[in-house]
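>>> Generate coordinates for the sequence data below:
(one chain, ligands or ions: 2)
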Amino acid sequence: MIRIVIAGPRGRMGREAVSLVHHTEHFELVAVVDRMNEGKTLAELDGFPAIEAPIFTDLERCLQTVQADVLIDLTTPEVGKRHTEIALRYGVRPVVGTTGFTEDDLARLTKIAEEKKIGAIIAPNFAIGAILMMKFAQMAAKYFPHVEIIELHHDQKLDAPSGTALKTAQLIQQVRSSFMQGHHAEKETIEGARGALYDGMRIHSVRLPGLVAHQEVIFGGDGQTLTIRHDSFNRASFMSGVRFSVETVMKLETLVYGLEHLIE
Ligand SMILES: NC(=O)c1ccc[n+]([C@@H]2O[C@H](COP(=O)([O-])OP(=O)(O)OC[C@H]3O[C@@H](n4cnc5c(N)ncnc54)[C@H](O)[C@@H]3O)[C@@H](O)[C@H]2O)c1
Ligand SMILES: O=C(O)C1=N[C@H](C(=O)O)CCC1
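Numbers count the residues shown, from 1 in each chain. Ligands and ions are numbered 1, 2, ... in the order given. Purely as a prediction, here's the structure:
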C-alpha cells in the first residue's frame, strides 16, 4: 500500500488524481493539502467520493500529522516548488506535475534529493503520447536542425511557455549544434511576433478556451517539412503517467526530471 497526499485536490488535475488514487487498490489517500477547508475531510466537499482524508492548508503541518510515502503536487509554479522541497525534507517522495520549474530550481531540488537519498519525479507531461512526441522530436532534430515549437493550452494556464515545450527544446538542444535560426537581419515589427527564444529555436504559446494541452513540433528542410503533434483532449490522459510515477518513485534514490528517462 502506498500512502499518498495530494496537493491541489480541487483543481482540474487534482480531481482526476483523487479519483485515480481512490480507484487504485494499492494506493491510499491519507490527506490532501488545499488552499482552504482546514479541519474538514474530503468527503465533506461537494463533488468528491466518501473519502475520509483530512484537509490541511499547510503541507508541513500535514506531514507532521500523517504518515505518507508520496506527495502528488498539482498546484501552481511557486507553491509546487515550495511543496517539493518540504516533502523532500520530510522524507516524502514528491511526484510533481506542476510546471514552471527553472533549471536552478531543478538543480537545488536534485541536491536535496541526493543528500536525503530519496526519489522524486518532476514530470512536465504525464501523457505517454507527449513523452513519445518529445522523443520523436529529439530523433528528428538530428536530421532537421531547423525547428519551431508551437504549444497550445487552455487559457487558464499560468506559465508560458509550457513545461512540455521547454522540455522539448532541452531535448532537441542535446542533439543539435547551437545556432540562431531565421534570417540574420530579421526584425519584429510587433514585439513577440517571433515567439520565445531558446538556444536559437523559437517557442510559440497559444492560449484559448476549448483547448486542453497540445503541441506541434515543426521541422523544416530542403523542400520538405515534418510535423510531430500530440493532443491531450482531457485530463484522464495524464493519469496512467501519474500512477506509473507514484509506483516508480518508490524505487528511486534521486530526482528524475521527465518520464522519458523512465520509459524504455
Ligand atoms: N505534468 C502534467 O502532465 C500536467 C498536466 C496538466 C497540468 N499540469 C500542471 O499542473 C498544475 C495544475 O494544473 P491544473 O490545470 O489542475 O490547475 P488548477 O488551477 O485547476 O488547479 C490548481 C489547484 O492548486 C490549488 N492551490 C493553489 N495554491 C495552493 C496551496 N498553497 N496549497 C494547496 N493547493 C493550492 C488551487 O486551489 C487549485 O485548486 C499546473 O502547473 C499545470 O501546468 C501538468
Ligand atoms: O494544463 C496545463 O497547464 C498543462 N501543462 C503541462 C505543461 O506545462 O507542459 C502539460 C499538460 C497540461
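
>>> This structure against ligand 2: which residues are in contact?
99, 124-125, 153, 157, 162-164, 213 (CB under 6 Å from any ligand atom). Quick note: C-beta positions are derived from backbone N, CA and C, even for glycine.

>>> switch to 5 Å and redo it
Residues of the chain lying close to ligand 2 (CB under 5 Å from any ligand atom) are 99, 124-125, 157, 162-164, 213.

>>> can you put those residues in JSON lines and add secondary structure, pLDDT and distance to residue 56?
Shown next, in JSON lines, are those (DSSP: H, G, I helix; E, B strand; the rest coil; pLDDT from 0 to 100; distance: CB to CB, whole Å):
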{"residue": "99", "secondary structure": "coil", "pLDDT": "96", "distance to residue 56": "23"}
{"residue": "124", "secondary structure": "coil", "pLDDT": "97", "distance to residue 56": "26"}
{"residue": "125", "secondary structure": "coil", "pLDDT": "98", "distance to residue 56": "28"}
{"residue": "157", "secondary structure": "coil", "pLDDT": "96", "distance to residue 56": "26"}
{"residue": "162", "secondary structure": "coil", "pLDDT": "97", "distance to residue 56": "29"}
{"residue": "163", "secondary structure": "helix", "pLDDT": "97", "distance to residue 56": "26"}
{"residue": "164", "secondary structure": "helix", "pLDDT": "98", "distance to residue 56": "30"}
{"residue": "213", "secondary structure": "strand", "pLDDT": "98", "distance to residue 56": "29"}
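
>>> quick check, nearest of those residues to residue 259?
residue 125 (7.6 Å; CB to CB).

>>> And for the nearest residue to that closest one once chain neighbours are set aside, the neighbour number?
Counting by CB to CB, 6 or more residues apart in numbering, residue 125 lies nearest to residue 164, which is 4.4 Å off, once chain neighbours are set aside. By other CB atoms under 10 Å, the residues close to residue 164 number 26.

>>> just the buried members of the residues of the chain next to ligand 2?
99, 124-125, 162-164, 213 (16 or more other CB atoms under 10 Å).

>>> show me what contacts the residue in the stretch 101-250 of the chain positioned nearest to ligand 1?
Using CB to the nearest ligand atom, the single residue of the stretch 101-250 of the chain nearest to ligand 1 is residue 126, 3.7 Å away. Each residue near residue 126 by CB atoms under 8 Å, 6 or more residues apart in numbering is listed here: 97, 238-242, 245, 259.

>>> Can you flag which of those residues belong to helices?
Counting by DSSP state H, the contacts of residue 126 place 239-242, 245 in helices.

>>> Most neighbours among the residues you listed, which one?
residue 245 (27 neighbours).

>>> Would you check that that one makes contact with residue 121?
Yes - between residue 245 and residue 121 there is a contact under CB atoms under 8 Å: 4.6 Å.

>>> Could you name every residue contacting both of those two?
Applying CB under 8 Å, 6+ apart, one finds that residue 245 and residue 121 are jointly contacted by 95, 259, 262.

>>> Can you list the residue ranges for helices in the stretch 51-200 of the chain?
Here the stretch 51-200 of the chain has its helices, by DSSP state H, counting those that start in this stretch, at 59-65, 77-89, 103-116, 128-141, 163-173.

>>> and among the ones you listed, the most buried is which?
helix 163-173 (a mean of 23; mean count of other CB atoms under 10 Å).

>>> thinking again about what came up before, considering the ones in helices among the contacts of residue 126, which is situated nearest to ligand 2?
Nearest to ligand 2 among those, counting by CB to the nearest ligand atom, is residue 241 at 10.2 Å.

>>> you'd agree the closest one is up against residue 123?
Yes - counting by CB under 8 Å, residue 241 touches residue 123, with 6.5 Å between them.

>>> what do the two both touch?
The contact sets of residue 241 and residue 123 overlap at residue 259 (CB under 8 Å, 6+ apart).

>>> thinking again about what came up before, ok, of the residues of the chain next to ligand 2, which one's closest to residue 194?
Looking across the residues of the chain next to ligand 2 and measuring by CB to CB, the closest to residue 194 is residue 162, at 17.8 Å.
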